[in-house]
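K.L.:
Fold the following, please.
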Amino acid sequence: MRVGFLAILFCCVSMHATEFLYPVGYHPERNAFYVIYQKSSTHLELWEWDAQTLYAEQLLLSRYTPAGFTFLPDYSGFSFIDNGMLKIKQSLKRSPRTIEYNAPLYNVEQINWIDSRTCYASGKYQDYFGIFQIDWDGCVYPLVLKEEYDYLYPQKIDSTLFFIERSKEGNCRVASSLYRTQTPQDDFDNSMMVYLEDQPEIHEVISFNAPLAFLHMVSDKEGFVISYPENLLKKNHSVPFEYYRIVRSKEGWEKSLLFTFTIPTSLLAGKDRLYESILPLLPRTCQSGIYYVDSSQTSFLGIYHHDFETQEKRCLVESKSQHLLGILDHYSGIAYGGQLGGEVEMVEGVQMHLGHHFG
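P.N.:
Residues are numbered from 1 along each chain as shown. From the prediction side, this is the model:
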């Protein structure tokens, strides 16, 4: 098992808000990591770090706040959410392209690309969250939308769309429907009319007695989902989360609790919070198990591994002075970042260092 840590060799020291540095993507052809540098709880910067030369450069102007980084499927560029707007940065273009929706859609999050011109995501339309297909030109088509319900965290596996359904009363379940590939239309009203005339049938996968988030399907027979407390940010020093595995057998879908993990409340709310909230803190699944962060044993987040075969939990790396987070799986193991021990002013050509842990 190989674990990498993204640290930094810096030039200037100042005293401001807590800063974070963590990887969000790895480009295999360029052997480069894409890294978020959080200067404050309201501002992010995106940097590219060359794993061979160990030098980094800022990819976007500081006026952008790039949350929700996602590569395009062919690695010709990447997308991000900047103050609620979907933007695409192509490798050969100097400035990002803003996708202007042809629908009154807002709070769009977690972009999933089907190809380099078409994606799907959850977003808010009127008073409820639905799931929508969005293309390069901003044409929006509803995939799952219904009054009195929120549809969140979509995952497309072949022709099936999995998602979390949340009722107005707060009841949650994992559900699915047929993903219907749609022809883009310039007029959203026409797209809505087509959808309403032939709405997809929704099937229950499995229900829960607690709020759910961040569904992650690895196949049409297996997935993972997070359960969290109803009063998520009540006055406690930390928030407990539960990580479930859902599996379809001949008897139907079954769920099993794999492990619990705890996140300090200060990282989710307050002046030292992460701009991307829980996104850099999410568990990462690979063939050997699940990598995740947890602070239940100490006051700082450490890196842990859950083994599928033995069901054992093992601490890989921990720190007595800083939070470790932002786990990223890549070809030689995992990389991760964390809270910076000193305040850093990033400059072009700043050198970064990737250390390794073997275990």
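K.L.:
contacts, neighbours, all on C-alpha from now
P.N.:
Fine.
K.L.:
where do the helices sit along the chain?
P.N.:
Under the criterion DSSP state H, the chain contains helices at 188-197.
K.L.:
remind me which residues of the stretch 1-150 of the chain are low pLDDT?
P.N.:
Low-confidence segments of the stretch 1-150 of the chain, defined by pLDDT under 70: 1-17.
K.L.:
Go ahead and confirm Phe224 touches Arg248.
P.N.:
No - between Phe224 and Arg248 there is no contact under CA atoms under 8 Å: 12.0 Å.
K.L.:
Between the two, point out the one with more neighbours.
P.N.:
Neighbour totals were compared for Phe224 and Arg248, and Phe224 leads with 21 against 15 (other CA atoms under 10 Å).
K.L.:
and that one, what are its bridge partners?
P.N.:
Phe224 has these beta-bridge partners by DSSP bridges: His216, Arg245.
K.L.:
how close does it get to Phe163?
P.N.:
As judged by CA to CA, to the nearest Å, Phe224 and Phe163 stand 11 Å apart.
K.L.:
for Ile99, same thing?
P.N.:
24 Å.
K.L.:
So between those two, which is more surrounded?
P.N.:
Between Ile99 and Phe163, counting by other CA under 10 Å, Phe163 is the more crowded of the two (27 against 16).
K.L.:
doesn't Tyr179 make contact with the more buried one?
P.N.:
No - between Phe163 and Tyr179 there is no contact under CA under 8 Å: 11.3 Å.
K.L.:
so what's Phe33 bridging to?
P.N.:
Beta bridges link Phe33 to Tyr26, Trp49 when assigned by DSSP bridges.
K.L.:
so what's it up against?
P.N.:
By CA atoms under 8 Å, 6 or more residues apart in numbering, Phe33 lies in contact with 23-27, 48-51.
K.L.:
For those, could you give me a markdown table that also reports distance to Leu268?
P.N.:
A markdown table is the format used below for the contacts of Phe33 (distance: CA to CA, whole Å):
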| residue | distance to Leu268 |
| --- | --- |
| Pro23 | 19 |
| Val24 | 18 |
| Gly25 | 22 |
| Tyr26 | 25 |
| His27 | 29 |
| Glu48 | 26 |
| Trp49 | 27 |
| Asp50 | 30 |
| Ala51 | 30 |
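K.L.:
Name only those of those that count as buried.
P.N.:
Among the contacts of Phe33, those scoring as buried are 23-26, 48-51 (criterion: 16 or more other CA atoms under 10 Å).
K.L.:
tell me which of the residues you listed is nearest to Lys168?
P.N.:
Closest approach to Lys168 among the buried ones among the contacts of Phe33 (CA to CA): Val24, at 33.3 Å.
K.L.:
Look up how far Ala32 lies from that closest one.
P.N.:
With CA to CA as the criterion, Val24 and Ala32 are 11 Å apart.
K.L.:
now do Ser159
P.N.:
On the measure of CA to CA, Ser159 and Ala32 end up 33 Å apart.
K.L.:
Next: Val225.
P.N.:
30 Å.
K.L.:
Can you report phi and psi for the nearest residue to His43 once chain neighbours are set aside?
P.N.:
Excluding the flanking residues, the one nearest His43 by CA to CA, 6 or more residues apart in numbering is Thr65, at 5.9 Å. When quoted as degrees, to the nearest 10, the phi and psi of Thr65 stand at phi -120, psi 90.
K.L.:
Could you list the buried residues of stretch 29-38?
P.N.:
Across stretch 29-38, burial judged by 16+ other CA under 10 Å covers 32-38.
K.L.:
out of those, which one sits closest to Leu281?
P.N.:
Ile36 (13.4 Å).
K.L.:
Surely that closest one touches Tyr22?
P.N.:
Yes - applying CA under 8 Å, one finds Ile36 in contact with Tyr22, separated by 5.5 Å.
K.L.:
what about the strands in the stretch 51-200 of the chain?
P.N.:
Using DSSP state E, counting those that start in this stretch, the strands of the stretch 51-200 of the chain run over 56-58, 66-71, 77-82, 85-90, 97-98, 105-115, 118-125, 128-135, 140-144, 149-157, 160-167, 172-178.
K.L.:
Mind putting the ones you listed into CSV with distance to Leu44?
P.N.:
Converted to CSV, the strands of the stretch 51-200 of the chain look like this (distance: least, CA to CA, whole Å):
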stretch, distance to Leu44
strand 56-58, 11
strand 66-71, 6
strand 77-82, 10
strand 85-90, 15
strand 97-98, 18
strand 105-115, 16
strand 118-125, 22
strand 128-135, 25
strand 140-144, 28
strand 149-157, 23
strand 160-167, 29
strand 172-178, 32
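K.L.:
measure the residue nearest to His43 to His203 for me?
P.N.:
Thr65 is 37 Å from His203, where distance means CA to CA.
K.L.:
Sounds good, over and out.
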